[in-house]
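# After the sequence you'll find the predicted model.
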Amino acid sequence: MSLLKRIGGPRDLDALSPEELEVLAAEIRAFLVAEVSKTGGHLGPNLGVVETTIAIHRVFDSPRDAIVFDTGHQSYVHKLLTGRQDFSLLRQAGGLAGYPQRSESPHDVVESSHASSSLSWADGISRAFEMTGQTDRHVVAVVGDGALTGGMTWEALNNISDDNSRNLVIVVNDNGRSYAPTIGGMARYLNGVRTKKGYHDLHQSSRKLFDRLGAPARALYRGARGGLHGFLSRVTNNSALYANLDIKYLGPVDGHDLVAMQEALRQAKEYAAPVIVHAITEKGRGYQPALTDVADQFHAVGQIDPETGEPLSAPSGAPSWTSVFADEIVVQAENDHTIVGITAAMLRPTGLHKFAERFPQRVFDVGIAEQHAVTSAAGLAFGGLHPVVALYATFVNRAFDQVLMDVGLHQAGVTFVLDRAGITGPDGPSHHGMWDLALLQIVPRIRLAAPRDAERLREELAEAVRVTDAPTVIRFPKGTVGPELPAVRRTGDGVDVLREDERGDVLIVAVGTMAGIALEVADLLSAEGIGTTVVDPRWVVPVPFSVIELADAHRLVITIEDGVRVAGIGTRVRQDLRDAGVDTAVTELGLPDEFIDHASRDEILRKVGLTPAQIAEDVIAQVRGDKIPIARPISEDPDAPKASDADTGPFQRVMR
Ligand SMILES: Cc1ncc(C[n+]2csc(CCOP(=O)(O)OP(=O)(O)O)c2C)c(N)n1
Ligand SMILES: CC(=O)[C@@H](O)[C@H](O)COP(=O)(O)O
Ligand SMILES: [Mg+2]
């Protein structure tokens, strides 16, 4: 039996000899390559934390000690060591999540995949342990060098102190990369440590160093200024940054040296004050195809050949939404030299790489710092430029105040391009881009577009970068672009009519890529004798007036959006109709205001009732009055107006 199979939980590690631990690390590495190459996932990051994670679980006692992974994409080894070794359905419905998930294990603490939050979590947990007398419980935060570029980490570091976080150990997992090499002052600082001659000397002698200095170093180290700490500070010039933050620094340590990492963690654990253990690691460690991957060292892979690292599935041939944007932003930038691009450590994933290659001086990578990205964009706009801020939709959540108060309030001409909008799928609840429509539509004067196909993306991006006195948003989903969906006509205020039926029965207002689904619904309704018109507003906020006029000419309006229903575009359409005195019944379809677990996009759309067949069934039932939804519990108010039973032909007035 392999050593890995003998590990049912972290305490099983205690019985392993140093030699066996090395074998275990090799087995885990082989497992990760073999299994993740089948399912896809964050192969590179997890290959880089094998020894560090083993060492953490050897020195600390999870779940009594809380282990917090920043972003959580590097928690596969943690899962393997805590009783979860079936990776066959990783990131798929019914399988392990790609991030920590409390429903999977008591060893999992933070489920959100939004970076840079771990130190705040750890600060809070460690304070709680202290204040509840659980002073023997430690908190370990594993934070990457990329995550350290996020502002929250510095807010937390500013609050962590001897007084309230004695049991806190921060493991900086420094592999020098986010996707690409980590940028900014923090990265330069860490890089300086990593490349300092002293570290290499230390690296060569780390095993001897800890053996020789083990016990005495512990005593000396507590002197804070002398011994190991003094030596390390001289070697790595680190005392300045961390000591002033009232946090002790231990490192740099070779994060792949099991002995050195365990010794460093033991010292940190016994220190009884917040300590940073600076582990130097390598993303993709031990797997040549990852190490030689220039783009992002296999940060996240699809299904690959484990031998070569080559993708197994040939590209479909259809362009991705990201690639359409990547090409069009260069066209726009060629024509308009005020256009600049901003990425938050995701240049290639958001499609700004071609812009950066063509105009390197006009694209800025701010690190994982979306709030800074947005407000600095407001500054760039003030200076006469037109910033295009490219983010994943889910990450704009954390910069909402900056969009509202720095961009919106100042009517700054900033364009936000939100990739991965709507249901994404395998990355789970915190990665679905499902809140942007609801959040951003309340920003006064914002203009929000959701392209239905590649042509509309190009067209709406070109329109967006011309708006200089208000924020504009272009949002589109993950994956490949669907077929072109031509309009039969366009109204004067830019609404595309995709299908028109004079009977005035049902009007479907489709947001973005829901247009394809809406057209399939219209076919199903038509087969039932229900005349359906389908429109794509293109710019969904503000709601174009021709949508109001068309709604007034129909008996039922259905809105469909790949975003949360509550406070979604549908509610805005309904409100605008009522404000305009139009009382056409409205049914808003979209995503539930719930956290939606990982599965494929199609599985999730089916689960939430957004397939064409499910929508058509719902609409037919409404039109035929098969079910009268109760607007409110009538039992509470027997005199409450009943749902109107006035016969309006095949329609039952349905007020939802
Ligand atoms: C707020 C936020 N922005 C962007 C991302 C996308 N993202 C996921 S992992 C990652 C890089 C993280 O780098 P690092 O913290 O160094 O971890 P590593 O992958 O190197 O282990 C980024 C940018 C995210 N998860 N959260
Ligand atoms: C952890 C993280 O935020 C990213 O790595 C994310 O998993 C990438 O998602 P895509 O695969 O959609 O680019
Ligand atoms: Mg990193």
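Received the coordinates, thanks. Numbers count the residues shown, from 1 in each chain. Ligands and ions are numbered 1, 2, ... in the order given.
# how close does A377 sit to V403?
Going from A377 to V403 by C-beta to C-beta, to the nearest Å gives 9 Å. Placement of C-beta: from N, CA and C, glycine included.
# List, one by one, the residues from the stretch 1-150 of the chain near ligand 1.
The interface of the stretch 1-150 of the chain toward ligand 1, taken as C-beta under 6 Å from any ligand atom, is made up of P45, G48, T71, H73, Q74, S113, H114, A115, G144, D145, G146, A147.
# between those, which is closest to A122?
A122 lies nearest to A147 out of these, by C-beta to C-beta, at 12.3 Å.
# how far away is the closest one from V49?
Taking C-beta to C-beta, one finds A147 at 13 Å from V49.
# likewise P451?
Taking C-beta to C-beta, one finds P451 at 38 Å from V49.
# The two: which is more packed in?
More crowded of P451 and V49, by other C-beta atoms under 10 Å: V49, with 29 against 24.
# Contacts only, for the residue nearest to the more buried one when sequence neighbours are not counted.
Among residues not flanking V49 along the chain, Q74 sits closest, at 4.9 Å (C-beta to C-beta, 6 or more residues apart in numbering). Applying C-beta atoms under 8 Å, 6 or more residues apart in numbering, we find Q74 in contact with H42, P45, N46, G48, V49, V142, G144, N173.
# Out of those, list just those in helices.
With DSSP state H as the criterion, helices contain P45, N46 from among those.
# Just the buried positions in stretch 120-129, please.
Using 16 or more other C-beta atoms under 10 Å as the test for burial, stretch 120-129 gives S120, W121, A122, D123, I125, S126, R127, F129.
# Low-confidence stretches in the protein?
195-244, 627-656 (pLDDT under 70).
# Do stretch 146-154 and ligand 2 come into contact?
No: looking at stretch 146-154 against ligand 2 by C-beta under 6 Å from any ligand atom, there are no contacts, and the closest approach is 10.1 Å.
# which outside residues touch that stretch?
Stretch 146-154 has contacts (C-beta under 8 Å, 6+ apart) with 70-71, 115-120, 143, 172, 177-179, 182-184, 186-187, 190, 345, 366-369, 371-372.
# What is the longest strand seen in the chain packed up against?
Ranked by number of residues, the top strand in the chain under DSSP state E is strand 556-564. Contact analysis of strand 556-564 by 3 or more C-beta pairs under 8 Å, 6 or more residues apart in numbering; DSSP states H and E lists helix 436-440, strand 506-510, helix 514-526, helix 569-579, strand 585-591, helix 612-623 as its packing neighbours.
# contacts for the second one?
Residues outside strand 506-510 that contact it (C-beta under 8 Å, 6+ apart): 452, 498, 517-519, 521-522, 525, 530-537, 547, 550-551, 553-560, 569-570, 573, 584, 619, 623.
# which parts of the longest strand of the chain are buried?
Of the residues in strand 556-564, those buried (16+ other C-beta under 10 Å) are L556, V557, I558, T559, I560, E561, D562, G563, V564.
# Show the contacting residues for the residue sitting nearest the centre point of the chain.
In the chain, the residue lying closest to the centroid (C-alpha atoms, centre = their mean) is H431, at 4.1 Å. H431 sits next to S113, Y392, T394, R420, T424 when contact means C-beta under 8 Å, 6+ apart.
# try 7 Å this time
Taking C-beta atoms under 7 Å, 6 or more residues apart in numbering, we find H431 in contact with S113, T394, T424.
# Thought S430 was touching the first one, still the case?
Yes: distance between S113 and S430: 4.6 Å, which falls inside the contact criterion (C-beta atoms under 7 Å).
# and the two? which has more neighbours close in?
Neighbour count, other C-beta under 10 Å: between S113 and S430, S113 has more, with 23 against 17.
# Quick check: phi and psi on the more buried one?
Dihedral pair for S113: phi -100, psi 10, per degrees, to the nearest 10.
# Quick check: phi and psi on R447?
Note on R447: its backbone torsions stand at phi -120, psi 130 [degrees, to the nearest 10].
# Residues in a beta bridge with it, which ones?
Here R447 shows beta-bridge partners T472, assigned using DSSP bridges.
# wouldn't it be in contact with W539 here?
Yes: at 5.9 Å, R447 counts as touching W539 under the criterion of C-beta under 7 Å.
# Ligand 3 contacts on the stretch 51-200 of the chain?
Selection of the stretch 51-200 of the chain residues close to ligand 3 by C-beta under 5 Å from the ion yields G144, D145, G146, N175, R177.
# ok, now the stretch 501-650 of the chain?
For the stretch 501-650 of the chain, no residues are found near ligand 3 under the criterion C-beta under 5 Å from the ion.
# For ligand 1, what's the nearest residue on the stretch 501-650 of the chain?
Of all residues in the stretch 501-650 of the chain, H598 sits closest to ligand 1, at 14.6 Å by C-beta to the nearest ligand atom.
# burial count for that residue?
Neighbourhood size, H598 [other C-beta under 10 Å]: 26.
# which ones are touching it?
By C-beta under 7 Å, 6+ apart, the contact list for H598 reads R91, A97, G98, G425, P426, D427, G428.
# which one of these sits closest to ligand 3?
Using C-beta to the ion, G98 is the member of the contacts of H598 that lies nearest ligand 3, at 16.9 Å.
# Can you verify my assumption that that closest one contacts P429?
No: applying C-beta under 7 Å as the test, G98 and P429 come out as separate, 11.2 Å apart.
# more neighbours, these two?
Higher neighbour count among G98 and P429: G98, with 27 against 18, using other C-beta under 10 Å.
# Not counting residues beside it along the chain, what's closest to that one?
R91 (4.2 Å).
# who touches the one you found in this structure?
Applying C-beta under 7 Å, 6+ apart to R91 gives the contacts T39, G40, G41, A97, G98, P426, H598.
# Work out for me the element G341 sits within.
Assigned by DSSP states H and E, G341 falls within strand 339-343.
# Show me what that strand is packed against.
Applying 3 or more C-beta pairs under 7 Å, 6 or more residues apart in numbering; DSSP states H and E, we find strand 339-343 packed against helix 321-335, strand 363-365, helix 370-382, strand 386-392.
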